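[1] I'll drop the sequence and a predicted model, then ask my questions.
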Amino acid sequence: TITDFTGWARMALELASPVRVVQVAPPKLGSRSIPSLVLAEFTIDLESCGSKIRQEWDQDLGEFDNLFLLHIDANTMVEEDVDNDNHTATTPSIPKQYGLVAVRGCMIKHVRDEDGTILTDPSLSRETLEASRRKHTKRIFRVELDPSQFAMDSSSKKSNRSIDLSKFNLVVRRQGRENNFKAVLQTIRGLMDSTHGSSSNISTTNFLLPSWLSL
């Protein structure tokens with residue numbers, strides 16, 4: 001049974017085409033089975049969006065911004081968890097309430113229209129950009145997936161715990177001021193690494209990076 005979205009949300013859109021993996025680069029030396037790069041594509045259609053929401057999706061998203069892909073399955077939705085032994089009912093978890101099967105993050109590499117024009121290209125003239133946005137309602141996103149998570153999902157298929165990217169049917173964006181957490185972490189890490197390796201007096205200070213930041 002196909003899940004049908006009848007409502008609307010300002011920060012989320014149903015995918016107009018399934019997520020499709022377009023490139024899996026070989027692992028780097030010493031990284032075992034983890035790919036060095038995983039690229040995927042999906043399409044959204046802004047035709048049903050109002051002008052303001054369409055403008056937000058067009059102008060608030062660019063290269064290096066982060067999105068979340070969701071797999072929603074209405075068949076797994078549960079209104080309440082029933083304990084038959086104790087004859088009690090409790091409120092189910094958020095995933096059970098909304099049929100949320102899986103969530104995967106991704107980072108935008110570029111956005112293009114149906115003619116292949118890269119809308120996120122900074123060298124694109126404003127006239128060409130506006131003409132494309134008026135002519136086309138579909139936006140094709142090329143995104144970078146987390147290679148470690150992709151490797152885990154691929155290995156889970158062999159153990160019958162499959163995470164099928166083609167079944168993801170919703171994309172969620174964040175507001176621009178909240179969508180820079182990865183860039184901020186990378187900047188902090190870069191500054192700490194460069195400071196630690198400099199010849200200034202500050203370099204004598206010992207910096208301890210948490211494992212999740214030093215990967």
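    Cool, got the structure.
[2] just give the nearest non-adjacent residue to residue 4, would you?
    Nearest residue to residue 4, sequence neighbours excluded (CB to CB, 6 or more residues apart in numbering): residue 74, at 7.5 Å. For the C-beta atoms, the positions are set from N, CA and C on the backbone; glycine is no exception.
[3] count the neighbours of that neighbour for me.
    12 (other CB atoms under 10 Å).
[4] for it, give me the backbone phi and psi.
    Per-residue torsions, residue 74: phi -60, psi -20 (degrees, to the nearest 10).
[5] same check, this time on the one 3 residues further on
    Taking degrees, to the nearest 10, you get phi -70, psi 140 for the backbone angles of residue 77.
[6] mind listing what it touches?
    Counting by CB atoms under 8 Å, 6 or more residues apart in numbering, residue 77 makes contact with 96, 97, 98, 99.
[7] so the residue nearest to residue 4 touches residue 96, yeah?
    No: using CB atoms under 8 Å as the test, residue 74 is too far from residue 96 to be in contact (11.9 Å).
[8] what's the longest strand in this protein?
    The single longest strand within the chain, with elements called by DSSP state E, is strand 12-27.
[9] which residues touch it?
    With CB under 8 Å, 6+ apart, strand 12-27 has contacts from 5, 33-46, 49, 57, 69-70, 138, 142, 145, 150, 165-173.
[10] quick one, strands of the protein?
    Counting by DSSP E, the strands of the chain are 12-27, 35-45, 66-72, 81-83, 88-90, 100-112, 138-145, 170-173.
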